[in-house]
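*Asks:* Let's see this in three dimensions:
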Amino acid sequence: MNELIKDEYTGISSLLVSERAVPGAGFPCNPEHVRLAAEIGTFADQHFKPIAAKWDTENTFPLVNFEKLKDQGWLGIPVSTRFGGQGLGLHENPLSWVLVIQQLSKACGNTGQTFQIWGHCMSMIEELSTPEQAKRFTQEAMQGIIWCSGGSEPSNYTQRRNSPTNARTTYARKVDGGVRVSGRKLFISNSTAAERFFIFAELMSPEGEHIGMVHPVINRGTEGLTVENTWDAMGMRGTASDNLILDDVFVPDEDIIGMHNPNGYYQSRLAGSFLVGRAAVYLGIADAAFLYLVQYLREKVKSGDDPIMQYRIGQLEIERQQSAAILYRAAWVWQEAIAGRGDMTECATYAALSHTAVSETALRITNEALELCGGRGMLKNSPLERYHRDVRAYSVSPPTSNATRVNIGTKILAPLTERDSLVGEGV
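*Replies:* The predicted structure is shown next:
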């Protein structure tokens, strides 16, 4: 039996999942999780969609939406059940996580993106922290504390896994009782609203020796931390992706994640996984644009019997479902590897592939929707131009489509015993 989420107006399914791995039926997914994603989608359509333009117009973080997610008990979605959550995070249940993010993003792209960043922080905390840290930080988060992840740097948009001479320029220098962190971070989503900053930094001994990557957690208001108000972008304006300046910020030992295992991120099942979540954002926005277009053509243009329109809509639907299948496969491959039934080394490749495929399809769908709706689609009272700007703005985030194609092609044509894998850090 298939469990599908369908648009009530068009009857079009946005998901290709089923509760059993039946040939042709889609990818296996817990039916309760599908129903939860559908419930979240309905709630988001009612509460988030009507005010989605507000975050774009005002260039502000959708904090009120996080408060509503908390009231519904949904901030626990990416948190493991052992810490009181629902266990649907990227590190435990990637396919279900993708469904949730897709549904949120269909109603509000900014909410979908900021929530998937917040959820990825929960996954990294659980995978890389000590048990005490994981319990403390996840409990705070489920009470409504906003998190952001500081990875991107001016000189290093991608990171070579296990490279002894990486280009990271944010350093955590060991001192008595903790570390002192200095560096600069760019385009850090959620940063304007965040109370906790999960930082990627190179741990240095007092003598200047490179030890490996760790993750100091910095509280807002800590001396030396500055959030620069720099995010005034063409799209995804509500993601609050400002820059960070870290000027000799002291972080105590108990708030440093990964001290017991430097470079643990690169050996974890999370390296590159955030691309699956970001692709789900693109797909949700593409769903919204496509459904808007179908409704417009039916009600406003009355072109349901126009063969040219039928052809173009049919082509868009083929591409939309192809992208969905690629994304769900990437999530499913990751899920199988987590369960010990797959090769974890393949996961980052599938994630990057899905990121490229879905972002390019979302761009085509939003562009076609603008063209087919004509001048009305360009008006600010139409969401189409916002959908297009949002997809366009984030599709340039690393890894770029060109880099992904080169990496995949290299892997296919010239497999190497040891090869650096590029892992985008725009989180």
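
*Asks:* ok, residue 367 touching residue 388?
*Replies:* Yes - in this structure, residue 367 sits in contact with residue 388. The criterion is CB atoms under 8 Å, and the distance is 6.4 Å. Just so you know, the C-beta spots here come from the backbone N, C-alpha and C atoms, and that holds for glycine as well.

*Asks:* More neighbours: which of these two?
*Replies:* residue 388 (23 against 16; other CB atoms under 10 Å).

*Asks:* Could you pull up the residues touching that one?
*Replies:* Each residue near residue 388 by CB atoms under 8 Å, 6 or more residues apart in numbering is listed here: 235, 289, 363, 366-367, 369-370.

*Asks:* and it, what helix or strand is that in?
*Replies:* In this structure, residue 388 sits in helix 384-395 according to DSSP states H and E.

*Asks:* how about the CA coordinates for that helix, as PDB?
*Replies:* What follows is helix 384-395, C-alpha atoms only, in PDB (Å, rounded to 0.1, in the frame of the first residue of the first chain):
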ATOM      1  CA  LEU A 384       6.400  33.100  -8.300                       C
ATOM      2  CA  GLU A 385       9.100  35.700  -8.500                       C
ATOM      3  CA  ARG A 386      10.000  35.000  -4.800                       C
ATOM      4  CA  TYR A 387      10.200  31.300  -5.500                       C
ATOM      5  CA  HIS A 388      12.600  31.900  -8.400                       C
ATOM      6  CA  ARG A 389      14.800  34.300  -6.400                       C
ATOM      7  CA  ASP A 390      15.000  31.800  -3.500                       C
ATOM      8  CA  VAL A 391      16.100  28.900  -5.700                       C
ATOM      9  CA  ARG A 392      18.500  31.100  -7.700                       C
ATOM     10  CA  ALA A 393      20.100  32.500  -4.600                       C
ATOM     11  CA  TYR A 394      20.800  29.100  -3.000                       C
ATOM     12  CA  SER A 395      21.700  27.200  -6.100                       C
END
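
*Asks:* which residues of the stretch 251-400 of the chain fall in strands?
*Replies:* Along the stretch 251-400 of the chain, the segments classed as strands by DSSP state E, counting those that start in this stretch run 256-257.

*Asks:* where does it dip in pLDDT?
*Replies:* 304 (pLDDT under 70).

*Asks:* pretty sure residue 184 is touching residue 171, no?
*Replies:* No - Residue 184 is not in contact with residue 171 according to CB under 8 Å; the separation is 11.2 Å.

*Asks:* quick one: the residue lying farthest from the centre of the chain and residue 337, what's the gap?
*Replies:* Residue distances from the centre of the chain (CA atoms, centre = their mean) peak at residue 305, which lies 38.5 Å from the mean C-alpha position. The span separating residue 305 from residue 337 equals 48 Å under the rule CB to CB, to the nearest Å.

*Asks:* same deal with residue 277?
*Replies:* Distance, residue 277 to residue 337, using CB to CB: 16 Å.

*Asks:* Compare those two (neighbour count), which wins?
*Replies:* Set side by side, residue 277 and residue 337 give different neighbour counts by other CB under 10 Å, the larger being at residue 277 (30 against 18).

*Asks:* residue contacts, the more buried one?
*Replies:* Residues counted as contacts of residue 277 (CB under 8 Å, 6+ apart) are 90, 97-98, 101, 116-117, 119-120.

*Asks:* what's the farthest-apart pair in those?
*Replies:* Maximum pairwise distance in those, criterion CB to CB, is 14.5 Å, between 98 and 117.

*Asks:* Out of these two, name the residue with the larger neighbour count.
*Replies:* Each of residue 98 and residue 117 has its neighbours counted (other CB under 10 Å); residue 98 has more, 34 against 28.

*Asks:* Now do the SS call for that one.
*Replies:* Recorded secondary structure, residue 98: helix (DSSP: H, G, I helix; E, B strand; the rest coil).

*Asks:* For the nearest residue to residue 196 once chain neighbours are set aside, what are phi and psi?
*Replies:* In space, and not counting its chain neighbours, residue 196 is closest to residue 147: 4.8 Å by CB to CB, 6 or more residues apart in numbering. According to degrees, to the nearest 10, the main-chain angles of residue 147 amount to phi -110, psi 150.

*Asks:* Now do residue 147 against residue 119, distance only.
*Replies:* Between residue 147 and residue 119 the computed distance is 9 Å (CB to CB).

*Asks:* What ranges does the stretch 51-200 of the chain have for its helices?
*Replies:* The residue ranges that make up the helices of the stretch 51-200 of the chain, judged by DSSP state H, counting those that start in this stretch, are 52-58, 63-71, 94-107, 109-128, 131-142.
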